[in-house]
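# Fold the following.
(2 chains, ligands or ions: 2)
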Amino acid sequence: MHPLFIIRLVCSKGGCGNYVIEFKQVSKIYPNGVIGLDNINLTIEKGEFVVIVGLSGAGKSTFLRSINRLHEISTGEIIIDNTSITRAKGRQLLTIRRDIGMIFQSFNLVKRSTVIRNVLAGRVGYHSTIRTILGLFPPEDKELAMRALERVNIIDKAYTRSDQLSGGQQQRVSIARALAQEAKIILADEPVASLDPLTTVQVLEDLKTINVELGITLVVNLHSIELARQYATRIVGLQDGRVVFDGPVEQATDERFKEIYGQPYEVKKSEKIINTPTA
Amino acid sequence: MRKSLTHPPHKEFSRINMKKRKHIWTTLFIILLFAWSIRQTETSLLDFIHGFSNMFDLLVQMFPPNWAYFDNVIPPMLDTLRMALLGTTIGAILAIPFALLSASNVFTNKWLYYPVRFILNLVRTIPELLLAAIFVAILGLGPLPGIFALGIFSMGIIAKLTYEATEGIDPGPLEAMTAVGANKIQWIGYSVVPQVTPYYISFVLYALEINVRAAAILGLVGAGGIGEYYDKTLGFLEYDKVSTIIICTLLVVVAIDFVSTKLREKLL
Ligand SMILES: Nc1ncnc2c1ncn2[C@@H]1O[C@H](COP(=O)(O)OP(=O)(O)OP(=O)(O)O)[C@@H](O)[C@H]1O
Ligand SMILES: [Mg+2]
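Ligands and ions are numbered 1, 2, ... in the order given. All right, here's what the predicted structure looks like:
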């Protein structure tokens, strides 16, 4: 067996990979000619909490979805943990995706399935097809799923049908799914856009805790610059598919954003979120 | 009330007139079509009235049903039910791969789903009696060709309805399972199957309702079941026995419909 392969085997559980995300001259042009991403070059280190901001249509979703290749890019390359996901094929692509959790604006749970089944869905990449289709997960997996639900404070709903939960609860289930997946990176596309202000804060707090305590890298799209400042360690601003701002929160001042985006962001800013004391 | 206030009355009027004119044209067109059909098929109202009196004669002859014959009807009736059940089961199983392969959101390659849909459409153009006749020619007389005919027939129905339902499911969970790193089979099992199962079961029950009716006449071409008894008794002009068979069939069909409808109501 190749020595590198052995290292990979040992590391896959312990998480000793660095899980750096590298964008190398990445561009995306949609079939209709719209430019989704325009020559993006940036590196996201392990453990960062990156918030992507930008006006509607700036390319935030395109950016996020190209990381786990839900969208194909046109040119350039994206490297995750020293492996090119852009060139990965078959099994290799699935293995890379297994390390990247994803949270959606619309939660994307199977509504007719129980909460626990939705969380265990995050484990399918670790087992054989037969086992997973029959739902024969090992006890450790169920334990893992339960602990994930515990972390987002929703363990009492484990056997409830998902469509009986509120939006905020459903979003927490989808976070638990990413946790059960033992993701090293979590992508979230407007995770709070369909939640009320209070639930918004709860969900973002959950994400922040995961980021700080487990060292999971977070890349989150948000509309609100206010929230971005509150939770991010680094903010990336997009406009027309280009990076127009990239820096730590301290540099993301009002003046700077007014300079970049002009009036529209002022309007966004006025949608102020209730501030609850952070734990 | 409000509407008539905001719109000038003459405008309302002309719109109604337009609508009326449209209706008149449609009606005229249908009448013409009807007249033309009668000419072409050489139907005459007289034949119909004449036939009506024959029908009345028949009803009179059918009238006291031959209750003693009931015991003879039960075994072939149960056969018919079994044929319908087996045929539906075969159809339900065959329909699964066809439905999945036809759904453009499951297999995105149009070189795959268009040919499969074409086969499905082809299958659905063959009437079940013709299917049964073909299978009788291949397999000989008896219930087996009937079962296969019903299997193919219901496969077409179930697969078509299921793939259409599959294309209407929420794409969110599909995307989520892709992101999780699931392979194709896991992806189907965890995002497509749980969403489409209630529809599928409902369509299978619906196919069963149709198959019970269809199974009752397959005997006419020698494919087993109660149909053979229709053939026999009608041939011997034993109309009292025919009415017994009809009543028995009616009872079974109504019972199956009732149970199936109740189950489907629960599902969706
Ligand atoms: N499938 C597609 N085909 C063609 N153009 C697309 C497609 N998806 C997105 N676009 C275009 O690409 C650009 C970037 O879209 P994207 O969804 O990434 O923006 P966004 O920043 O996420 O916006 P929002 O805040 O509204 O979600 C937009 O101009 C959009 O119209
Ligand atoms: Mg978006």
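# Show me which residues of chain B are close to chain A?
Residues of chain B that fall close to chain A, judged by CB under 8 Å from any CB of the partner chain: B:170, B:172-173, B:175-183, B:185-186, B:189-191, B:194-195, B:198. Heads up, the C-betas are built off the backbone N, CA and C, glycines and all.
# of those residues, list those near ligand 1.
Among the residues of chain B next to chain A, not one lies near ligand 1 by CB under 6 Å from any ligand atom.
# Make a ChimeraX selection of whichever of those turn out to be buried.
Selection of buried members from the residues of chain B next to chain A for ChimeraX, criterion 16 or more other CB atoms under 10 Å in any protein chain shown:
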select /B:172,173,175,176,177,178,179,180,181,182,183,186,189,190,191,194,195
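# which residues in the stretch 151-279 of chain A form helices?
For the stretch 151-279 of chain A, helices defined by DSSP state H, counting those that start in this stretch occupy the ranges A:167-180, A:197-214, A:225-231, A:254-261, A:263-270.
# so which of those helices comes closest to B:Asp240?
helix A:167-180 (64.5 Å; CB to CB).
# ok, the residue sitting nearest the centre point of chain A to A:Tyr30 distance?
Taking CA atoms, centre = their mean as the criterion, A:Leu187 is the residue nearest the geometric centre of chain A, at 1.1 Å. In this view, A:Leu187 and A:Tyr30 are 20 Å apart by CB to CB, to the nearest Å.
# residues contacting B:Gly156?
Counting by CB atoms under 8 Å, 6 or more residues apart in numbering or on different chains, B:Gly156 makes contact with B:Gly91, B:Leu120, B:Val123, B:Arg124.
# so which strand or helix has it?
In this assignment (DSSP states H and E), B:Gly156 forms part of helix B:143-167.
# avg pLDDT for that helix?
Average pLDDT, helix B:143-167: 94.
# Now do the buried residues in that helix.
B:143-163, B:165-166.
# Bridge partners for A:Leu238, pull those for me.
Here A:Leu238 shows beta-bridge partners A:Val243, assigned using DSSP bridges.
# thought it was touching A:Val53?
Yes. A:Leu238 is in contact with A:Val53 according to CB atoms under 8 Å; the separation is 7.3 Å.
# what touches both of the two?
In terms of CB under 8 Å, 6+ apart, A:Leu238 and A:Val53 are both contacted by the residues A:Lys60.
# hmm, back to that, out of the contacts of B:Gly156, which is most surrounded?
Of all these, the highest neighbour tally under other CB atoms under 10 Å in any protein chain shown goes to B:Gly91, namely 25 neighbours.
# OK, contacts around that residue?
Shown in contact with B:Gly91 (CB under 8 Å, 6+ apart): B:Leu150, B:Gly151, B:Ile152, B:Phe153, B:Ser154, B:Met155, B:Gly156, B:Ile157, B:Ile158, B:Val204, B:Ala207, B:Asn211.
# near ligand 1 too, which of the residues you listed?
Among those, not one lies near ligand 1 by CB under 6 Å from any ligand atom.
# Out of these, which comes closest to ligand 1?
Distances from ligand 1 to the contacts of B:Gly91, taken as CB to the nearest ligand atom, are shortest for B:Ile158 (32.9 Å).
# Would you mind measuring from the residue nearest to the closest one when sequence neighbours are not counted to chain A?
Nearest non-adjacent residue to B:Ile158, counting by CB to CB, 6 or more residues apart in numbering or on different chains: B:Ala95, 3.8 Å away. Distance, B:Ala95 to chain A, by CB to the nearest CB, to the nearest Å: 19 Å.
# Check the secondary structure at B:Ala95 for me.
With DSSP: H, G, I helix; E, B strand; the rest coil as the basis, B:Ala95 sits in helix.
# contacting residues around it?
So B:Ala95 contacts B:Ser154, B:Met155, B:Ile158, B:Ala159, B:Thr162 (CB under 8 Å, 6+ apart).
# What is the nearest of the contacts of B:Gly156 to A:Gln105?
Here the nearest of the contacts of B:Gly156 to A:Gln105, counting by CB to CB, is B:Leu120; it sits at 35.8 Å.
# on that earlier part again, and of the helices of the stretch 151-279 of chain A, who's closest to B:Arg15?
Using CB to CB as the measure, helix A:263-270 is the one of those that comes nearest B:Arg15, at 43.4 Å.
# The closest one - what's its average pLDDT?
Taken as a whole, helix A:263-270 has an average pLDDT of 48.
# Stretch A:232-248 now?
pLDDT averaged over stretch A:232-248 gives 92.
# and if you look at stretch A:152-167?
92.
# Would you tell me whether that stretch gets close to chain B?
No. Interface with chain B: stretch A:152-167 contributes nothing (CB under 8 Å from any CB), its closest point being 10.0 Å away.
# Check the offset of that stretch from the chain's centre.
Distance of stretch A:152-167 from the chain centroid (CA atoms, centre = their mean, to the nearest Å) equals 21 Å.
# Would you mind measuring the gap between the ends of that stretch?
Distance across stretch A:152-167, first residue to last, is 14 Å (CA to CA, to the nearest Å).
# Same check on stretch A:76-88?
Its first and final residues considered, stretch A:76-88 spans 14 Å by CA to CA.
# How about residues contacting that stretch?
Identification of contacts with stretch A:76-88 by CB under 8 Å, 6+ apart yields A:17-27, A:39-40, A:66-69, A:73, A:92-93, A:96, A:99-100, A:184-185.
# quick one: what helix or strand has A:Gln25 in it?
Using DSSP H and E, A:Gln25 falls within strand A:21-29.
# buried set for the helix or strand following that strand?
Next helix or strand after strand A:21-29 toward the C-terminus (DSSP H and E): strand A:35-44. Neighbour-count burial for strand A:35-44, counted by 16+ other CB under 10 Å, picks out A:Ile35, A:Gly36, A:Leu37, A:Asp38, A:Ile40, A:Ile44.
# out of these, which one sits closest to B:Ser37?
Lowest distance from B:Ser37 to the buried residues of strand A:35-44 (CB to CB) belongs to A:Gly36, with 57.4 Å.
# right, and that closest one touches A:Tyr30 too?
Yes. With contact defined as CB under 8 Å, A:Gly36 reaches A:Tyr30; the gap is 5.7 Å.
# So is stretch A:106-124 next to chain B?
Yes. With CB under 8 Å from any CB as the criterion, chain B is reached by stretch A:106-124 at A:Ser106, A:Phe107, A:Asn108, A:Leu109, A:Val110, A:Lys111, A:Arg112, A:Ser113, A:Ala121, A:Gly122, A:Val124.
# Can you flag the buried ones in the residues you listed?
Neighbour-count burial (16+ other CB under 10 Å) is assigned, among the residues of stretch A:106-124 next to chain B, to A:Ser106, A:Phe107, A:Asn108, A:Leu109, A:Val110, A:Lys111, A:Ser113, A:Ala121, A:Gly122, A:Val124.
# returning to what we had before: including pLDDT and distance to ligand 1, could the buried residues of strand A:35-44 go into TSV?
Shown next, in TSV, are the buried residues of strand A:35-44 (pLDDT from 0 to 100; distance: CB to the nearest ligand atom, whole Å):
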residue	pLDDT	distance to ligand 1
A:Ile35	93	7
A:Gly36	93	4
A:Leu37	94	8
A:Asp38	93	11
A:Ile40	94	12
A:Ile44	95	17
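# Count the residues that sit near A:Met146.
Per other CB under 10 Å, the neighbour tally for A:Met146 reads 16.
# can I assume it is in contact with A:Ile154?
No. A:Met146 is not in contact with A:Ile154 according to CB under 8 Å; the separation is 10.6 Å.
# Against B:Val212, how distant is B:Ile147?
B:Ile147 is 13 Å from B:Val212, by CB to CB.
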